[in-house]
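J.: for reference, the sequence and a predicted model appear below.
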Protein chains: 2
Amino acid sequence: MSHRPIRVALLGCGTVGTEVIRLLTQQADDLAARVGAPIELTGVAVRRPNKHPDVPAHLLTTDAAALVASDVDVVVEVIGGLDPVRGLLLDALTAGKSVVTANKALLAESAADLFAAADASGADLFFEAAVAGAIPLLRPLRESLAGDRITKVMGIVNGTTNFILSAMDETGAGYAETLDEASRLGYAEADPTADVEGYDAASKAAILASLSFHTRVTATDVYREGITSVTPTDIAAARGLNRTIKLLAICERVTGEDGAESVAVRVHPAMIPRSHPLATVGGAFNAVFVEADAAGQLMFYGQGAGGAPTASAVLGDLVAVARNLVGGGHGPRESAYAALPVRTIDQASTRYHVSLDVADRAGVLSTVASVFAEHDVSIAAVRQEGRRRDASLVIVTHSAPEAALRSTVDKIAGLPVVHDVVSVMRVEGEES
Amino acid sequence: MSHRPIRVALLGCGTVGTEVIRLLTQQADDLAARVGAPIELTGVAVRRPNKHPDVPAHLLTTDAAALVASDVDVVVEVIGGLDPVRGLLLDALTAGKSVVTANKALLAESAADLFAAADASGADLFFEAAVAGAIPLLRPLRESLAGDRITKVMGIVNGTTNFILSAMDETGAGYAETLDEASRLGYAEADPTADVEGYDAASKAAILASLSFHTRVTATDVYREGITSVTPTDIAAARGLNRTIKLLAICERVTGEDGAESVAVRVHPAMIPRSHPLATVGGAFNAVFVEADAAGQLMFYGQGAGGAPTASAVLGDLVAVARNLVGGGHGPRESAYAALPVRTIDQASTRYHVSLDVADRAGVLSTVASVFAEHDVSIAAVRQEGRRRDASLVIVTHSAPEAALRSTVDKIAGLPVVHDVVSVMRVEGEES
């Protein structure tokens, strides 16, 4: 092995960064053999050096900018957030230093700028760890399926919300109570907003859609609903239909009647059949379905978060970058040539489950059904059960434009025979 | 786009080759955009040109060697088998032409020679389609997990045998009858030997083990049992324990008591719990579990065979090769630096399910159990049921050396109190 060491700067040393250092150290010989050169950690940028007694003191610095500007080949970033990370990584890429990052929020907002800087200097930009933790997903989308036409990506990509929804399903408890429990167990952060409001999943959906459809999709293009409004009544309604509720990230290639293609990207809770493979994905695990024309349906499953799993993805990218530095060549560049229009949620087609309390008398079903018909929404299944003074009416629709479904529900809510709209939930995972 | 076209020779035009041509044609613009250069099919080598009316006549040739020697950048091989393909691909690689192949048998036998030729000339060698069809699996092992330590790969990698075992489980029919049905439905070839005797799965296991453990493993290193001896009695025994039987390819990194590592690779039918994710993988689908130190457990699922899914994997590799030709650099080289010793099956640790017909009288269980104890095989579970004149005794062992398990069963079969050894099957997918 005659190649000089590959010099690596690490930005951030929390749960993931600590594991990155551990793997770099423990596996040094293996990594050197796989790369064809030693990988040398030259510095670790942290906020409070005295909080990291396990890291050799001479590696620690509070000056991330100086570390990026120093004589390094690769910058590995596991700080997270937009600023000051954006500037640091742009500086690195502009200077021709390759970047490996786990930063979903930054990628979902600034991928175009980062790629432009990388392409200009010939540096690599890898970010497998940004989506679905340890699961090899972005590399398969960018490389393995590069000769295929991906039509849909749908999955569970946020562990916190999956833990909460799984627990609500098991215990029947409410959202607030279950969130408290998740926080106690370390499954939710002190400020859980990014997870429970779906921002984290939306960032990941934007990244998945960009890679799958060769189109720039940012987080603001993603329709987003979190899980804070999911009630025990919703969960019970799902259970009654042998379904369960999951927060799904859904990226679809849509072909209009005129043959023109567009892209729809959304994150929201949805009912899926308990027999669906995603239904059994519990706790902090992630799973993602990918559909492509020639490949058919693929599924990827594994740990979506956590220090070691995320570090595994970071290290895989680091080896790829290092191999390129040793052997020449570079990783895939931004591929946004298709530039498909991104649809709003109103233009997307979804299916609704609507659960109503209605008056228990003749003609109610026909009144409600006529509202669906008015809006051109086709009904797939109806279940009506009389009770003492009212009746429960559950309707599942066929696939219809979201805007039509919303108008339908709004109008139904105002009908005198409808006492209460108990639950409205989108439905996924079955034939429409 | 100023780069000259990437010139591609296709060897073979059966089910997969036909789909490769279709995708290259239908997606020409997309592929060119993704690669940065058009991909141009310059010739198709076939045995009988008049059998391919859909392929432009000027592309067809019976002279594969001349096509390989012509002015092409990449040779895509979907003929299969060892010779004459080995010579053709070695010629191509030696001449600096990159190779994309779906040929599991050749890779499992001659990967070292092929890689040596590729490394000498700087050509690429990709073979994602050789294992698990459309499922991105080899690229994740070679690249995404290159910074991790893979400890186990276990999966269903042969669709024909999975179809037959699934059908036997559903209908209770025998092996021969079910094979006939599979042949009628097109799930088994006219000569099914390679599939049903486990040769196909063994080739794939060798490839998976080589990549996972950075060690040369060939098909002859793989312990192999097919499914031809699986009986309805075995299936019923599994069902009685809420298990099902699958043909599994298992690649394990084994750490000895002295800390020395080795590799065990085997293909055989095994009982797995019906609750195990692999239990629900039906028909021609493939699924593979991967365990790595940092990543934890990952699963990959999808279509393991068929023209379009296999072509998807071929095209992904072709795009990778073409991108390297346009942008410089090359794919991963052979990584066999670890050179771990490969264990024989006798040294491997497995678990057995043993179903016996025994005399129904006092002392039988202790007699049988003492044989297990003699061989140092620990018993995990026992179920004894009296019948009129004899009893059914089912024993599941803890993990023990295969050799010890075999000796145990041999000795038990000779006991006077044992009337019949009804079923002996390895057990996987649970804690040992």
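T.: Everything's here; your move.

J.: where does chain A have low pLDDT?
T.: A:1, A:431-432 (pLDDT under 70).

J.: what's the longest helix in it?
T.: Counting residues, the longest helix found in chain A (DSSP state H) is helix A:307-327.

J.: contacting residues for the residue in chain A positioned nearest to chain B?
T.: The minimum distance from chain A to chain B, using Cβ to the nearest Cβ, falls at residue A:329 (1.0 Å). All C-beta atoms are positioned from the backbone trio N, CA, C, and that covers glycine. Residues counted as contacts of residue A:329 (Cβ atoms under 8 Å, 6 or more residues apart in numbering or on different chains) are B:324, B:327, B:328, B:329, B:330.

J.: who's in contact with the residue nearest to the first one when sequence neighbours are not counted?
T.: The reference is to residue B:324. Residue nearest to residue B:324 in three dimensions, not counting chain neighbours: residue B:330, with 5.4 Å by Cβ to Cβ, 6 or more residues apart in numbering or on different chains. Shown in contact with residue B:330 (Cβ under 8 Å, 6+ apart): A:327, A:328, A:329, B:122, B:123, B:124, B:324.

J.: repeat that for 10 Å
T.: A:323-324, A:327-329, B:98, B:118-119, B:122-125, B:320-321, B:324 (Cβ atoms under 10 Å, 6 or more residues apart in numbering or on different chains).

J.: ok, now residue A:159?
T.: A:132-133, A:182, A:187-188, A:195, A:200, A:281, A:283-286, A:303-306.

J.: give me the nearest residue to it, chain neighbours excluded.
T.: Closest residue in space to residue A:159, ignoring its immediate chain neighbours: residue A:284 at 3.6 Å, by Cβ to Cβ, 6+ apart.

J.: what's the distance between residue A:284 and residue A:303?
T.: 7 Å (Cβ to Cβ, to the nearest Å).

J.: neighbour count: those two, which is higher?
T.: Applying other Cβ atoms under 10 Å in any protein chain shown to residue A:284 and residue A:303 shows that residue A:303 carries more neighbours, namely 23 against 19.

J.: around the residue nearest to the more buried one when sequence neighbours are not counted, how many other residues sit close by?
T.: Spatially, and ignoring its direct neighbours in sequence, residue A:303 is nearest to residue A:309 (4.0 Å; Cβ to Cβ, 6+ apart). Taking other Cβ under 10 Å as the neighbour definition, residue A:309 ends up with a count of 28.

J.: equivalent analysis for residue A:169, please.
T.: Other residues close to residue A:169 by other Cβ under 10 Å number 21.

J.: could you list the buried residues of the helix or strand harbouring it?
T.: Assigned by DSSP states H and E, residue A:169 belongs to helix A:159-171. Under the neighbour-count criterion of 16 or more other Cβ atoms under 10 Å in any protein chain shown, helix A:159-171 has A:159, A:160, A:161, A:162, A:163, A:164, A:165, A:166, A:167, A:168, A:169 buried.

J.: check stretch A:22-30 too.
T.: Buried positions in stretch A:22-30, judged by neighbour count with 16+ other Cβ under 10 Å: A:23, A:24, A:27, A:30.

J.: mind listing the shared neighbours of residue A:284 and residue A:303?
T.: If you check residue A:284 and residue A:303 against Cβ under 10 Å, 6+ apart, the residues they both contact are A:133, A:159, A:309.

J.: ok, now which ones touch the first one?
T.: Residues touching residue A:133, when contacts are defined by Cβ under 10 Å, 6+ apart, comprise A:16, A:102, A:157, A:159, A:284-286, A:302-313, B:295-296.

J.: just the CA trace of stretch A:386-400, in PDB.
T.: The C-alpha trace of stretch A:386-400 is given here as PDB (Å, rounded to 0.1, in the frame of the first residue of the first chain):
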ATOM      1  CA  GLY A 386     -77.100   1.200  14.000                       C
ATOM      2  CA  ARG A 387     -76.800   2.100  17.600                       C
ATOM      3  CA  ARG A 388     -79.400   3.400  20.100                       C
ATOM      4  CA  ARG A 389     -80.000   6.900  18.800                       C
ATOM      5  CA  ASP A 390     -77.600   7.200  15.900                       C
ATOM      6  CA  ALA A 391     -75.500   5.100  13.600                       C
ATOM      7  CA  SER A 392     -71.900   4.600  12.700                       C
ATOM      8  CA  LEU A 393     -71.100   5.000   9.000                       C
ATOM      9  CA  VAL A 394     -67.700   4.100   7.700                       C
ATOM     10  CA  ILE A 395     -66.800   4.900   4.100                       C
ATOM     11  CA  VAL A 396     -63.600   4.000   2.200                       C
ATOM     12  CA  THR A 397     -63.200   5.700  -1.200                       C
ATOM     13  CA  HIS A 398     -61.500   4.700  -4.400                       C
ATOM     14  CA  SER A 399     -58.600   6.800  -5.500                       C
ATOM     15  CA  ALA A 400     -59.700  10.400  -6.200                       C
END
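
J.: cool, thanks, talk later.
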